[in-house]
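Novice: What follows is a predicted structure for the sequence shown.
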Amino acid sequence: MWEDRRSWLRLINHPTCAYISPGLRITERLPAIYFQFQFKNVEYSSGRNKTFLCYIVEVQGKESRSFQGYLEDEHAAAHAEDAFFSTILPTCEGALRYSVTWYVSSSPCVACADRISEALRKNKNLRLSILVGRLFMWEEPEIQAALKKMKAAGCKLNIMRPQDFAYVWKNFVEQEEGEGEEAKGFVPWEDIQENFQYYEEKLAEVLH
Ligand SMILES: [Zn+2]
C-alpha cells in the first residue's frame with residue numbers, strides 16, 4: 001500500500017506528467033499533516049527523519065516554462081535531494097537557463113550536499129536557491145564543510161522565514177475544501193520566528 005503510494009507520487013512528480021506553462025501551475029500537493037509535522041522548525045527534530053522537498057523549476061530559453069512539485073525520501077533508496085537530480089532534472093541543456101528553488105524540511109546530509117555542489121559545478125547554467133526549515137546535524141564538521149562547499153559552488157542557502165512557510169502552505173500543501181478563506185490560511189506555530197532566528201544564526205556561523 002505504502003509502496004504503491006510512493007510509485008504513484010513518483011509518477012505524478014515527473015516533469016513529463018506536469019503541466020508546463022510560463023506561469024506556475026500546481027501539479028501535486030503535500031498532505032497538510034506532513035507539512036505540519038515535517039516542516040516544523042523545531043530545535044530538536046525527533047521523529048522527523050524524512051526529508052520533504054518542494055521544488056520550483058523555471059527554465060528560460062526561446063520559450064520559458066516552469067513546473068513544480070514535491071519529493072520525499074524513499075527509505076533505503078535515494079534521498080529527496082538526490083532524487084531531484086536523478087528524476088526531476090537529470091540533465092540541463094546547454095542552451096537553456098535553469099533557475100531552481102527548493103523548500104526543504106531540513107538541510108542536506110554530506111552525500112546530498114556533495115551531489116548539489118557537483119551539479120552546480122557541472123552545469124554553469126543552473127542556479128539553485130535552497131530554503132530549509134531546520135539545519136541537519138550542523139554541529140558536525142563534515143556537514144559544515146559540505147555546506148561551505150555548496151556555497152562555494154554557488155548555491156544560495158537560507159533558513160525558511162515565517163513567510164516562506166506560509167508560501168509553501170499556500171502553494172504546495174493540500175487545502176481542505178468547503179471551508180472559508182480564513183480557515184485555509186497558514187497558522188504559524190508559537191515559536192516559529194524564534195526558531196528561524198536560532199537557525200539563521202547557526203547557519204551564519206557555519207557559512208561565515
Ligand atoms: Zn541526503
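Specialist: Cool, the structure landed.
Novice: In this structure, what residue spans correspond to helices?
Specialist: When assigned using DSSP state H, the helices of the chain occupy the ranges 2-13, 32-38, 80-83, 110-122, 141-152, 162-172, 181-184, 192-207.
Novice: now, of the ones you listed, which is deepest in the fold?
Specialist: Each of these was scored by mean neighbour count; the highest is helix 80-83, a mean of 21, by mean count of other Cβ atoms under 10 Å. Every residue, glycine included, has its C-beta placed from N, CA and C.
Novice: Against which helices or strands is it packed?
Specialist: Helix 80-83 sits against strand 52-60, strand 65-72, strand 97-106, helix 110-122, with contacts defined as 3 or more Cβ pairs under 8 Å, 6 or more residues apart in numbering; DSSP states H and E.
Novice: pLDDT on that helix, on average?
Specialist: Per-residue pLDDT over helix 80-83 has a mean of 92.
Novice: roughly how far out does it sit from the chain middle?
Specialist: Mean-position distance between helix 80-83 and its chain equals 10 Å (Cα atoms, centre = their mean, to the nearest Å).
Novice: Show residues contacting that helix.
Specialist: For helix 80-83, the surrounding residues in contact (Cβ atoms under 8 Å, 6 or more residues apart in numbering) are 51-53, 71-74, 102, 104, 108, 111-112, 115-116.
Novice: The ion next: which of those are close?
Specialist: Taking Cβ under 5 Å from the ion as the test, the ion is in contact with Cys112 out of the contacts of helix 80-83.
Novice: Tabulate the contacts of helix 80-83 in CSV, adding columns for pLDDT.
Specialist: What follows is the contacts of helix 80-83, written out as CSV (pLDDT from 0 to 100):
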residue, pLDDT
Thr51, 86
Phe52, 89
Leu53, 93
Leu71, 90
Glu72, 85
Asp73, 81
Glu74, 66
Trp102, 98
Val104, 95
Pro108, 95
Ala111, 95
Cys112, 95
Arg115, 96
Ile116, 98
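Novice: The ion contacts on this protein?
Specialist: Applying Cβ under 5 Å from the ion, we find that the chain lies next to the ion at 79, 109, 112.
Novice: just those now: which is nearest Tyr34?
Specialist: Nearest to Tyr34 among the residues of the chain next to the ion, counting by Cβ to Cβ, is His79 at 16.3 Å.
Novice: Phi and psi next, for the closest one.
Specialist: For His79, the backbone dihedrals (degrees, to the nearest 10) come out as phi -70, psi 160.
Novice: residues in contact with it?
Specialist: His79 makes contact with 51, 73, 108-109, 111-112 under the criterion Cβ under 8 Å, 6+ apart.
Novice: again, 7 Å this time
Specialist: Contact analysis of His79 by Cβ atoms under 7 Å, 6 or more residues apart in numbering lists 51, 73, 109, 112.
Novice: surely the second one meets Lys50?
Specialist: Yes: under the criterion of Cβ atoms under 7 Å, Asp73 lies in contact with Lys50, with a separation of 4.8 Å.
Novice: Which one's more surrounded, the two?
Specialist: Asp73 (19 against 16; other Cβ atoms under 10 Å).
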